[in-house]
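Asker: Quick one, what's the 3D model for this:
(chains A, B, C and D)
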Number of protein chains: 2
Amino acid sequence: MAERILIIEDESKIARFLELELKHEGYEVEIAYDGRSGLERAEKNDIDLIILDLMLPLMSGIEVCRRIRKFSDVPIIMLTAKDDISDKVTGLDSGADDYVTKPFAIEELLARIRVALKRRAMSTRDTNSETITSGKLVLNKLQHKVTYDGEEVFLSKKEYDLLLYLMENKGIVLDREKLIENVWGYDFIGDTNVTDVYIRYLRSKIDQKYGVSFIKTIRGVGYIFEDQAEN
Amino acid sequence: MAERILIIEDESKIARFLELELKHEGYEVEIAYDGRSGLERAEKNDIDLIILDLMLPLMSGIEVCRRIRKFSDVPIIMLTAKDDISDKVTGLDSGADDYVTKPFAIEELLARIRVALKRRAMSTRDTNSETITSGKLVLNKLQHKVTYDGEEVFLSKKEYDLLLYLMENKGIVLDREKLIENVWGYDFIGDTNVTDVYIRYLRSKIDQKYGVSFIKTIRGVGYIFEDQAEN
DNA sequence: TCGTTTTTTTAAAAAAATGTTGAATCATCT
DNA sequence: AGATGATTCAACATTTTTTTAAAAAAACGA
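Answerer: This is a model prediction of the structure:
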């Protein structure tokens, strides 16, 4: 499974060059040409490393970096055209793992990529494997906690259990019977709309509050949790 | 509890300059003036970060780096005088975390040091250290003592054991069963709320007394010890 | 569009979990 | 044995969560 690298870079010449080189090294490559779309792409959270230009249209590299850090520890390598130390410093302090100054030698960048990926591979085995992410929404099983954009979302146990089950099965429609069985743990007698009520609680605490829509209704069937960034 | 930084650098002017700057930032600093003695010093394994010159007498920086990596994951930042890419690349691939090209701006180096230390702090789940710290709260295993802001907190044995277990697993939710098993050392029969009571004791001696909240309740699950600074 | 079905929303009752307290028990030291 | 402090237990108070039920709204099919 090749590592997937996201390049966020507005100069298409550089982006293209990087793409070729990285593909040649066996990485999968995706490109975003401005800060905002780069951030959006990153929110799908299936990227292994990000190469991020400091100077970007729509949203600066620093800002992109800062926002990504709210939901992800993905390694970020900054590219900076200037030789301005203060930029480098803010870049690093805003959460980047490393940076490379343009013009750069591709070999150096490749070495830094290897280091960053290796480091992540070493540290990944503890806390991060216990987390389910969808865009800015992060569910941490160890902490039994959910955050959106870094801000804690306070959920009751059932709410948490339900969200966990939904996120573990994201992209799959779950009918009420399945939800009851797996979250409540028993077959209900008669009809209760307890699932509906809890779906509502989750929506009001997440979807409504943050203006997103993770939980969709499939009429006549049940509910489905969908990744935000995928739409 | 300053971080200890080892400088391995033969040019005494640079070494001295670094020493001053780093001490000014509040780090503890040690210096070795050649590769071999630097390696020896590192073997004591009580260093938090190493600044390693590439060109050294007796043993090259690359070699020092490679050997240190055999027994330690301590962050290593390489200093290289040359602007030779191949050196940088070998440096990174030989296990260094980062490098800085001479002449360097001290601010840049400081930023990289901060990043490296922060990264290490995140991945270090210290289990074998003799002291566990969270903000102003310090638990010393050797002395079997707890202090808050330097002031001793008097705990009974069970209180201490419980706090120790909580702090060893900070950031992780622990249910009552786990607490009973690990602190009391037996499986309980029926239900007693002895854990609840002890949590209360700890809270009254720490959380309430100092107006903090280390121990949080996860309703329906258990308790969690959280770093004050986090979140 | 209208009637029907399904889902969403609301509110209040019921249940469950946790916090608090004081007294009983246990261990240790003198 | 008695004093002291630590630990456990049990009962009650408080808080929070869960469930229920029913009205309102929305979606759907004829």
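
Asker: Every contact and neighbour count from this point should use C-alpha atoms.
Answerer: OK.

Asker: which residues touch the nearest residue to residue A:215 once chain neighbours are set aside?
Answerer: Distances taken as CA to CA, 6 or more residues apart in numbering or on different chains place residue A:225 nearest to residue A:215, at 4.6 Å, with adjacent residues excluded. Residue A:225 is in contact with A:166, A:167, A:169, A:170, A:171, A:172, A:173, A:214, A:215, A:216, counting by CA atoms under 8 Å, 6 or more residues apart in numbering or on different chains.

Asker: Please apply the same query to residue A:52.
Answerer: Applying CA under 8 Å, 6+ apart, the residues near residue A:52 are A:7, A:8, A:9, A:61, A:76, A:77, A:78, A:79.

Asker: what about chain A, any weak spots by pLDDT?
Answerer: By pLDDT under 70, the low-scoring segments of chain A are A:82-89, A:91, A:122-129, A:186-191, A:228-231.

Asker: tell me the helices in it, going along the chain?
Answerer: In chain A, the segments counted as helices under DSSP state H are A:12-24, A:35-43, A:61-68, A:85-93, A:106-123, A:157-168, A:176-179, A:194-202, A:208-210.

Asker: and residue A:199, how many residues sit next to it?
Answerer: For residue A:199, the neighbour count with other CA atoms under 10 Å in any protein chain shown is 19.

Asker: give the contact list for residue A:114.
Answerer: Per CA under 8 Å, 6+ apart, neighbours of residue A:114: residue B:93.

Asker: Please read the previous query as pertaining to residue A:95.
Answerer: A:65, A:66, A:69, A:76, B:115.

Asker: contacts with DNA strand D among these, please.
Answerer: Among the contacts of residue A:95, no residue lies close to DNA strand D (CA under 7 Å from any atom of the strand).

Asker: phi, psi of the closest residue to residue A:157 other than its chain neighbours?
Answerer: If the residues on either side of it in the chain are set aside, residue A:157 comes closest to residue B:220, at 6.0 Å by CA to CA, 6+ apart. Note on residue B:220: backbone dihedrals following degrees, to the nearest 10 are phi 80, psi -10.

Asker: Burial check on residue B:220, number of neighbours?
Answerer: Neighbours around residue B:220, by other CA under 10 Å: 10.

Asker: my read: it touches residue A:159, true?
Answerer: No: using CA atoms under 8 Å, residue B:220 is not in contact with residue A:159, being 11.4 Å away.

Asker: any common contacting residues for these two?
Answerer: Joint contacts of residue B:220 and residue A:159 (CA under 8 Å, 6+ apart) do not exist.

Asker: Okay, buried residues for stretch A:203-220 please.
Answerer: Neighbour counts using 16 or more other CA atoms under 10 Å in any protein chain shown place A:203, A:206, A:207, A:214, A:215 of stretch A:203-220 among the buried residues.

Asker: Do me a favour and get the end-to-end distance for that stretch?
Answerer: Its first and final residues considered, stretch A:203-220 spans 19 Å by CA to CA, to the nearest Å.

Asker: from the chain's centre, how far out does it sit?
Answerer: Stretch A:203-220 has its C-alpha centroid displaced from the chain centroid by 18 Å (CA atoms, centre = their mean, to the nearest Å).

Asker: can you tell me which residues contact the most centrally placed residue in chain A?
Answerer: By CA atoms, centre = their mean, chain A has its centre lying nearest to residue A:45, at 3.0 Å. Residues counted as contacts of residue A:45 (CA under 8 Å, 6+ apart) are A:72, A:133, A:134, A:135.

Asker: How about residue A:158: what's its closest non-neighbour residue?
Answerer: Nearest non-adjacent residue to residue A:158, counting by CA to CA, 6+ apart: residue A:183, 7.5 Å away.

Asker: Can you give me the distance of that neighbour to residue B:20?
Answerer: 59 Å.

Asker: Residue A:174 now?
Answerer: As for residue A:174, its distance to residue B:20 is 63 Å (criterion: CA to CA).

Asker: neighbour-wise, which of these two wins?
Answerer: More crowded of residue A:174 and residue B:20, by other CA under 10 Å: residue A:174, with 19 against 14.

Asker: Was I right to think residue A:173 contacts residue A:216?
Answerer: No: between residue A:173 and residue A:216 there is no contact under CA under 8 Å: 9.2 Å.

Asker: Quick check: neighbours shared by the two?
Answerer: Common contacts of residue A:173 and residue A:216 (CA under 8 Å, 6+ apart): A:223, A:224, A:225.

Asker: What's opposite the first one in the beta bridge?
Answerer: Beta-bridge partners recorded for residue A:223 (DSSP bridges): residue A:174, residue A:217.

Asker: follow-up on the earlier one: what's near enough to touch the residue nearest to residue A:158?
Answerer: Counted by CA under 8 Å, 6+ apart, residue A:183 has contacts A:158, A:161, A:162, A:165.

Asker: which residue packs closest to the third one, ignoring adjacent ones?
Answerer: Counting by CA to CA, 6+ apart, residue A:183 is the residue found nearest to residue A:162 once chain neighbours are left out, at 5.9 Å.

Asker: Would you mind giving the domain segments of chain A?
Answerer: A:4-125, A:131-225 (automatic domain parsing).

Asker: Is there a neighbour count for residue A:196? I'd like the number.
Answerer: Using other CA under 10 Å, residue A:196 has 13 other residues around it.

Asker: Hmm, I typed the wrong one, I wanted residue A:152.
Answerer: Look at residue A:152: counted by other CA under 10 Å, it has 14 neighbours.

Asker: Distance-wise, check it relative to residue B:221.
Answerer: Remark: distance between residue A:152 and residue B:221 (CA to CA) = 18 Å.

Asker: Fine, thanks again, bye for now.
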